[in-house]
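A.B. asks: generate a structure from the sequence data that follows.
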Amino acid sequence: MSIEYRGETFAGYNKPKRTPKHPTKSHVVLAKEGDTIKMIRFGEQGAKTAGKPKAGESDKMKKKRASFKARHAKNIKRGKLSAAYWADKVKW
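C.D. replies: This next block holds a predicted model:
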């Protein structure tokens, strides 16, 4: 199931994809919650913090990850229609 939305092709709703050619944002997702559909760009292009915690990850990186989650907790709770939710799920 391929979805075309504002010139972008998506594999489906709520399926993030990388955007290597975008000048500032690293990912995009076509988010759907109920009847609301929204294209959300998120993530800093070239950020070194992407991915889930690695085995042997440094304390500095663990603190960075915890700080992001604490700083954006309010926006993450807003759900699938917020960029913070997707950045937390995909990049952090």
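
A.B. asks: now the strands: where do they sit in the protein?
C.D. replies: 3-5, 8-10, 17-18, 25-33, 36-44 (DSSP state E).

A.B. asks: give me the contact list for the second one.
C.D. replies: Residues from elsewhere that reach strand 8-10 (Cβ atoms under 8 Å, 6 or more residues apart in numbering): Ser2, Ile3, Glu4, Lys17, Val28, Val29, Leu30, Met39. Where C-beta positions appear, they are placed from N, C-alpha and C, glycine not excepted.

A.B. asks: next one: the last one
C.D. replies: Applying Cβ under 8 Å, 6+ apart, the contact partners of strand 36-44 are 5-6, 8, 13, 19, 22, 24-32, 50, 81-84, 86-87, 90-91.

A.B. asks: so which bits of it are buried?
C.D. replies: Ile40, Phe42, Gly43 (16 or more other Cβ atoms under 10 Å).

A.B. asks: the first one pairs with what?
C.D. replies: Listed beta-bridge partners, Ile40: Val29 (assigned using DSSP bridges).

A.B. asks: with Phe10 instead?
C.D. replies: Ile3.

A.B. asks: and it, how far from Ser26?
C.D. replies: Phe10 is 16 Å from Ser26, where distance means Cβ to Cβ, to the nearest Å.

A.B. asks: and Ile40, by the same measure?
C.D. replies: The separation that Ile40 has from Ser26, given Cβ to Cβ, amounts to 12 Å.
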